[in-house]
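Enquirer: give the three-dimensional model of this entry:
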Amino acid sequence: QVQLVESGGDLVQAGGSLSLSCAASGMIFSINAMGWYRQAPGKQRELVASIASGGSANYANSVKGRFTISRDNAKNTVYLQMNSLKPEDTAVYYCYAGVRETFYSTTYRVYWGQGTQVTISS
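Expert: Numbering: from 1, shown residues only. A predicted model of the protein is given here:
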């Protein structure tokens, strides 16, 4: 089994910054994609940012230029630096990782974190 533990959610004022982190542990041979989704009340979960094992990243249009995703492959950890935060960024943020559990595994299984609350006050 694999566990993803997130940290960093908080309440901040608009215009402020937050940094989220998500560490994967357990039966891990390799990880391909890692990233972050978010879900605001009454809305569908949406992709915020993703990053491949080689470092190439993709962002939702709503966060481009404000958020930066990064990862430390040695620590199986993904980060999300969020700047110029807006009230509409308020949501529960979930990290995910595509994990190949053993050398003999033929697929990558997606695991999710428990979610961390980010609240931006106006």
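Enquirer: burial count for the closest residue to Q39 other than its chain neighbours?
Expert: Spatial nearest neighbour of Q39, chain neighbours left out: R45 (4.2 Å); criterion: CB to CB, 6 or more residues apart in numbering. Heads up, the C-betas are built off the backbone N, CA and C, glycines and all. Per other CB atoms under 10 Å, the neighbour tally for R45 reads 12.
Enquirer: do the one 3 residues further on as well
Expert: The local packing count at V48 equals 24, with neighbours defined by other CB under 10 Å.
Enquirer: and the gap between the closest residue to it other than its chain neighbours and L85?
Expert: Leaving aside its chain neighbours, V48 sits nearest to W36 (4.4 Å; criterion: CB to CB, 6+ apart). Distance of W36 to L85, given as CB to CB, to the nearest Å: 14 Å.
Enquirer: related to what we said a few turns ago, the residue nearest to Q39 touches W36, doesn't it?
Expert: No - counting by CB atoms under 8 Å, R45 sits too far from W36 to count as a contact (10.6 Å).
Enquirer: which neighbours do these two share?
Expert: Y94 (CB atoms under 8 Å, 6 or more residues apart in numbering).
Enquirer: picking up where we left off before, for the residue nearest to V48, name its beta-bridge partners.
Expert: A49, C95 (DSSP bridges).
Enquirer: my read: G98 touches A33, true?
Expert: Yes - taking contacts as CB under 8 Å, G98 lies within contact range of A33: 4.7 Å.
Enquirer: that older thread, can you count the residues close to the residue nearest to V48?
Expert: Using other CB under 10 Å, W36 is surrounded by 28 other residues.
Enquirer: how long is stretch 83-95 end to end?
Expert: Stretch 83-95 stretches 18 Å from its first residue to its last (CA to CA, to the nearest Å).
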